[in-house]
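# Next come a sequence and a model predicted from it.
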Amino acid sequence: MKVVRPNKLRVVMVSASSNRELIYDGKTFTLWTPARKYYSTVKFDDTLGGLIDRLEEKYGVQLPMEDLFRWGTPDAPFDKIESAMNAGQAFIDKDLCDHYAFRQGKIDWQIWITTGSKPLPRKLVITNRADETRPQSIHRFDWNLKPTFKDSVFNFTAPEGATAIEILPRKTN
């Protein structure tokens, strides 16, 4: 994930079943699937918070780790947290972290935040309690607070042979 606040983002998501990229240059959002060579674009001019809201509301698309863009702002969803606890401290690699656990609707989540002068999330575990098997999503974070990348990383140019498709709004009742 590459981010420049307030309105630039590039996310590469790779799993066993898919490879997708989300690109936002502050004016256009693009969803790109390299293996299939399909892409969709949506014109939009707002901050990352505004983009997150619009994608969810209009298209049912959620950005990975979208809460990271809300923490520390008035938009942080604290009113949805049902319970919270300090679970102590633990090391994530060589960093001593404070460990917190939260319950929020049908989801439990835990976060480990580096202690000291640069309190950054290092690990996040999300457990889906709505499913009896309690599947988990585990994310580890390494941070570069002084990245050096060009603005062009946030631009999408369709490669030869790529096909534009329309991203359809979600159906509402």
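Nice, thanks for sending it over.
# Quick one: low-confidence residue ranges for the protein.
For the chain, the stretches with pLDDT under 70 are 77, 173.
# can you give me the strands for it?
2-4, 8-14, 19-24, 28-33, 38-43, 83-92, 95-104, 107-114, 121-128, 136-140, 163-164 (DSSP state E).
# buried set for stretch 11-26?
Arg20, Glu21, Leu22, Ile23, Tyr24, Asp25, Gly26 (16 or more other CB atoms under 10 Å). Every C-beta, even on glycine, is put in place using the N, C-alpha and C of the backbone.
# distance of Arg54 from Arg170?
From Arg54 over to Arg170 the distance is 12 Å, taken as CB to CB, to the nearest Å.
# That should have said Pro119, apologies.
36 Å.
# Same question for Val153.
29 Å.
# again, but for Tyr59
6 Å.
# Looking at the two now, which is surrounded by more residues?
Neighbours per residue (other CB atoms under 10 Å) separate Tyr59 from Arg170, with Tyr59 holding more: 16 against 10.
# State the distance from the more buried one to Val42.
The value you get for Tyr59 to Val42, if CB to CB is used, is 8 Å.
# so what's in contact with those two at the same time?
Ile167 (CB atoms under 8 Å, 6 or more residues apart in numbering).
# residues touching Arg140, list them.
Ile92, Arg122, Lys123.
# ok, what's across the strand from it?
Listed by DSSP bridges, the beta-bridge partners for Arg140 are Lys123.
# repeat for Ser40
Leu31.
# list the contacts for it?
Residues counted as contacts of Ser40 (CB under 8 Å, 6+ apart) are Thr30, Leu31, Ala164, Ile165, Glu166, Ile167.
# Look up how far Val12 lies from Lys27.
21 Å.
# I should have written Gln104 there, sorry.
Taking CB to CB, one finds Gln104 at 27 Å from Val12.
# Could you give the number of residues near Thr30?
If we define neighbours as other CB under 10 Å, then Thr30 has 21 of them.
# Tyr39 is in contact with that one, correct?
Yes. If you go by CB atoms under 8 Å, Thr30 and Tyr39 touch, sitting 5.8 Å apart.
# Now do the same contact list for Asp108.
Asp108 neighbours (CB under 8 Å, 6+ apart): Ala101, Phe102, Ile126, Thr127, Arg129.
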